[in-house]
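1. Quick check, what structure comes out for this input:
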Amino acid sequence: KLDDVLVESPETVGLRLARGVVGAVNTATLTIADDDTGHPAFSVNDTSGRRGRKAVFTVRLAPKARLPVTVAFATADGTAVAGTNYQTKSGRLVFRKRQRRKKIAVKLLAAPVGTRGATFAVHLSSPTDAVLLDPDGTATIRERAAVAAERNELPREFRLGRARVGPAGAGPRHRCDDDG
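-> The predicted structure is shown next:
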């Protein structure tokens, strides 16, 4: 038995078996299974993005592979709908030796207001020379106002009735007294 420590795909060998009888030939395939452990594993994160921008998923591979590995990916509807809320995307990622992460950027469409909180997923499948650890990532679509509120930001200028309010020192000043 020959042994090594490389994690690799199963290998096959075609065999031609001949018996002592003239003309009696049989063929067989011998598969050599890999008994080494430590297969690299794929995982994808959850993410979010604003309408009209992109949601970026990060696909990670751990540990680093010693040979090229691949994984397929595809978007899938949740409460968000492909073509209305986001642009569908699919493909195959190739991780070369020692690469640890790749990005999948999915365009978010300028869908109607009220789609805040809608979700869709990226699903990983069909790995070669690796396994799937966490194959599903979810993206949440946020609206601009929700993003600003999360960051404790306000727009540079907004209107309150007829009054225009902006950053300190901008525009006319209005005095408010407790007396009215």
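2. if I look at residue 26, how far off is residue 16?
-> 8 Å (CB to CB, to the nearest Å). C-betas here are computed from N, CA, C, even on glycine.
3. Okay, and the beta partners of residue 16?
-> Beta bridges link residue 16 to residue 27, judged by DSSP bridges.
4. what's around it, how many residues?
-> 8 (other CB atoms under 10 Å).
5. pretty sure it contacts residue 29?
-> No. Using CB atoms under 8 Å, residue 16 makes no contact with residue 29, being 10.8 Å away.
6. Tell me which helix or strand residue 107 sits in.
-> Here residue 107 sits within strand 101-107, counting by DSSP states H and E.
7. Next, the buried residues of that strand.
-> For strand 101-107, a neighbour-count test (16 or more other CB atoms under 10 Å) marks 102, 104, 106 as buried.
8. what sits up against whatever helix or strand comes next after it?
-> Per DSSP H and E, strand 101-107 leads on to strand 119-128 as the next helix or strand towards the C-terminus. With CB atoms under 8 Å, 6 or more residues apart in numbering as the test, strand 119-128 has contacts from 9, 42, 44, 57, 59, 69-80, 82, 85-86, 89, 104, 106, 132, 135-141.
9. from these, which ones fall inside strands?
-> Counting by DSSP state E, the part of the contacts of strand 119-128 found in strands is 42, 44, 57, 59, 69-77, 104, 106, 132, 136-141.
10. From those residues, list the buried ones, please.
-> Using 16+ other CB under 10 Å, the buried members of the ones in strands among the contacts of strand 119-128 are 42, 44, 57, 59, 69, 71, 73, 75, 77, 104, 106, 132, 137-141.
11. mind showing which ranges of this protein have poor pLDDT?
-> 1-9, 17-25, 33-37, 111-116, 144-180 (pLDDT under 70).
12. Mind doing that once more with 90?
-> Low-confidence segments of the chain (pLDDT under 90): 1-39, 51, 64-67, 97-98, 110-117, 129, 142-180.
13. Name the nearest residue to residue 56, sequence neighbours excluded.
-> In space, and not counting its chain neighbours, residue 56 is closest to residue 105: 5.0 Å by CB to CB, 6 or more residues apart in numbering.
14. And for residue 41?
-> residue 133 (3.8 Å).
15. Please apply the same query to residue 121.
-> Residue 121 sits nearest to residue 76 (CB to CB, 6+ apart), 4.7 Å away.
16. Tell me the spacing between the one you found and residue 57.
-> 12 Å.
17. so what's residue 135 up against?
-> 42, 43, 44, 123, 124, 125.
18. at 10 Å what do you get?
-> Counting by CB atoms under 10 Å, 6 or more residues apart in numbering, residue 135 makes contact with 41-44, 59, 71, 73, 121-125, 127.
19. What residues are bridge-paired with the closest residue to residue 46 other than its chain neighbours?
-> Once flanking residues are discounted, residue 46 sits nearest to residue 138: 4.8 Å by CB to CB, 6+ apart. Residue 138 has these beta-bridge partners by DSSP bridges: residue 121.
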